[in-house]
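Novice: Any chance you can model this:
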Amino acid sequence: MRAKAPFFLAVIWIFVSCGSPEKETPPSPETQENTSAPAPAPEIQRYPSAPDLPPAPDTLRIAVISDINGSYGTIGYSPLVHAAVNDIISRGYDFVVSPGDLIAGQRHGVDYDSMWRAFHYEIGDVFFDNNLEFIFAPGNHDASAYAGHEDARDAYARAFENRRPKAPLLPGSHFPFYYGVMIRGVRVIALDITRPVRDNDPQVDWLAETLASPEKTRLTLVLGHFPLSPVHFTHIWDIAGSRRLMSILSETPDLIYISGHNHVYYPGHIGEIRTIAAPALGAGARSLMGAPAVSGYVQIIVPPQAPARVTALVAPDFKRMVNRAALPEVVFSTQREDVGMARYIVDLIDDEAH
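Specialist: Residues are numbered from 1 along each chain as shown. Here you go, the predicted model:
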């Protein structure tokens, strides 16, 4: 019986300390007015209508597609991917970029050559025939740099052996793994980030030298499949990983780092580095902290004398866009693009005010 005494005393102490409940007194009308619940805030419209593309000839319009692959080994593409390609062509973008996952590889026994033939026939050649330059980085399903996927990397190299960009490659490029081009004053750089990179990686050396070039640019787009910081918990360890890479990017003005892999859309920044996490256009769209999963593609509008504007167009008809205000303000180390005090945000807000 003595073993139960502490519990019994604890019950008595809780009862005494709480006291007996007092009889509630109805509040006076004045009190009722002061304690009434505030009116609920208006619900944020997640997917408002997307505005038309600006017709100004000096404004660049860039489309971003990412993670267009289906399930492992799938040869060919879904109707949704075809719809996006047709929409991009009909809107008249200046060029198209992708941070990777163009085919459904990264599994032994899949037919890489057939998947790449399907890619050329259904995607790459369609853009080419419509005079749209398509610049891409390798994804982990295309050419994983992890050991054991040498066959995938060999197939990736073969797939683009005779299919180079129309724009001349920047000096030191190692197409199709890491390389760069200049298109209408925009420097586009693709990196081989299908696993975390080290500070002494040769492509990091090349990137530092390339970004230090005195050539004047309107904008620099850096494509890397893994993000600089995760934007979804399913791939929390799949990040670019190099502190030196982060330092190089942060010191380059008018730069946007574009990633895929996480299958969610999130426009943001890490300190001074502006980032775009592109949504999945193929299989596997994911939800971002309670928001519905969204498939689609991203458009980047570059006015002549103002920061680039980023919008995600929502499938299946791409007539609606993701409302930036409906996204969380912070995801891991990334702040939403309108939150914080990065230099480009101040310029963007100032431009929106005028």
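Novice: contacts, neighbours, all on C-alpha from now
Specialist: Fine.
Novice: Mind listing what's buried along stretch 243-263?
Specialist: 244-246, 248-250, 252-263 (16 or more other Cα atoms under 10 Å).
Novice: wait, stretch 174-194
Specialist: Quick answer for stretch 174-194 (16+ other Cα under 10 Å): 174-183, 186-194.
Novice: and if you look at stretch 337-345?
Specialist: For stretch 337-345, the neighbour count (16+ other Cα under 10 Å) marks 337-338, 340, 342, 344-345 as buried.
Novice: check which helix or strand covers His225.
Specialist: Following DSSP states H and E, one finds His225 outside all helices and strands.
Novice: let me fix that: Gly70
Specialist: Under DSSP H and E, no helix or strand contains Gly70.
Novice: and it, what does it touch?
Specialist: Listed by Cα atoms under 8 Å, 6 or more residues apart in numbering, the contact set of Gly70 reads 77-78, 103-104, 282-283.
Novice: ok, now Pro168?
Specialist: By Cα under 8 Å, 6+ apart, the contact set of Pro168 is 181-182.
Novice: quick one: low-confidence ranges for the protein?
Specialist: By pLDDT under 70, the low-scoring segments of the chain are 1-43, 346-354.
Novice: just to revisit the earlier point, quick one: which of the contacts of Gly70 is most hemmed in?
Specialist: Ile103 (30 neighbours; other Cα atoms under 10 Å).
Novice: Can you tell me, leaving aside adjacent residues, what's nearest to it?
Specialist: Excluding the flanking residues, the one nearest Ile103 by Cα to Cα, 6 or more residues apart in numbering is Asn69, at 4.8 Å.
Novice: wait, the one you found sits on Ala104?
Specialist: Yes. Contact criterion Cα atoms under 8 Å: Asn69 and Ala104 qualify, at 5.1 Å.
Novice: Just after the strand or helix carrying Tyr257, pick out the following helix or strand.
Specialist: Per DSSP H and E, Tyr257 falls inside strand 255-259. In the C-terminal direction, the helix or strand that comes right after strand 255-259 (DSSP H and E) is strand 266-270.
Novice: Which ones among the buried residues of stretch 174-194 map onto strands?
Specialist: If you go by DSSP state E, the buried residues of stretch 174-194 have 179-183, 186-190 in strands.
Novice: Let me have these in a markdown table, extended by distance to Gly92.
Specialist: Output for these, formatted as a markdown table (distance: Cα to Cα, whole Å):
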| residue | distance to Gly92 |
| --- | --- |
| Tyr179 | 25 |
| Gly180 | 23 |
| Val181 | 20 |
| Met182 | 19 |
| Ile183 | 15 |
| Val186 | 17 |
| Arg187 | 20 |
| Val188 | 19 |
| Ile189 | 22 |
| Ala190 | 23 |
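Novice: List just the nearest of those to Glu161.
Specialist: Tyr179 (14.0 Å; Cα to Cα).
Novice: I'd assumed Leu170 was in contact with the closest one.
Specialist: Yes. Contact criterion Cα under 8 Å: Tyr179 and Leu170 qualify, at 6.9 Å.
Novice: Could you measure from the closest residue to Met321 other than its chain neighbours over to Arg324?
Specialist: Nearest non-adjacent residue to Met321, counting by Cα to Cα, 6+ apart: Leu313, 4.4 Å away. Distance of Leu313 to Arg324, given as Cα to Cα, to the nearest Å: 12 Å.
Novice: Look at those two and report which has more neighbours.
Specialist: It is Leu313, of Leu313 and Arg324, that has more neighbours when counted by other Cα under 10 Å, with 24 against 21.
Novice: tell me the contacts of the more buried one?
Specialist: The contact partners of Leu313, by Cα under 8 Å, 6+ apart, come to 50, 296-299, 319-322.
Novice: Nearest to the middle of the chain, which residue? Look it up for me.
Specialist: Compute the mean C-alpha point of the chain, and by Cα atoms, centre = their mean the closest residue is Ala277, 1.1 Å away.
Novice: Enumerate the beta-bridge partners assigned to that one.
Specialist: In this entry, Ala277 is beta-bridged to Ser259, Tyr266, by DSSP bridges.
Novice: The spatially closest residue to Gly70 that is not a sequence neighbour sits in which helix or strand?
Specialist: Spatial nearest neighbour of Gly70, chain neighbours left out: Ala283 (5.0 Å); criterion: Cα to Cα, 6+ apart. Taking DSSP H and E as the definition, Ala283 sits outside all helices and strands.
Novice: I'd guessed Ala283 sits against Thr74; true?
Specialist: No. Here Ala283 does not reach Thr74: they are 10.6 Å apart, not a contact under Cα under 8 Å.
Novice: Just list the residues touching Arg91, thanks.
Specialist: By Cα under 8 Å, 6+ apart, Arg91 lies in contact with Leu53.
Novice: Over to Tyr179?
Specialist: By Cα under 8 Å, 6+ apart, Tyr179 lies in contact with 169-170, 172-173, 189-191.
Novice: Over to Val314?
Specialist: Contacts of Val314 were listed using Cα under 8 Å, 6+ apart, and they are 47, 294-297, 320-322.
Novice: What about these, which one has the most neighbours?
Specialist: Gly296 (29 neighbours).
Novice: can you tell me how far it sits from Ala283?
Specialist: Gly296 sits 11 Å away from Ala283, taking Cα to Cα as the criterion.
Novice: again with His225
Specialist: Distance, His225 to Ala283, using Cα to Cα: 16 Å.
Novice: got it, and Glu161?
Specialist: Glu161 is 28 Å from Ala283, where distance means Cα to Cα.
Novice: How about Ile183?
Specialist: Ile183 sits at a distance of 30 Å from Ala283 (criterion: Cα to Cα).
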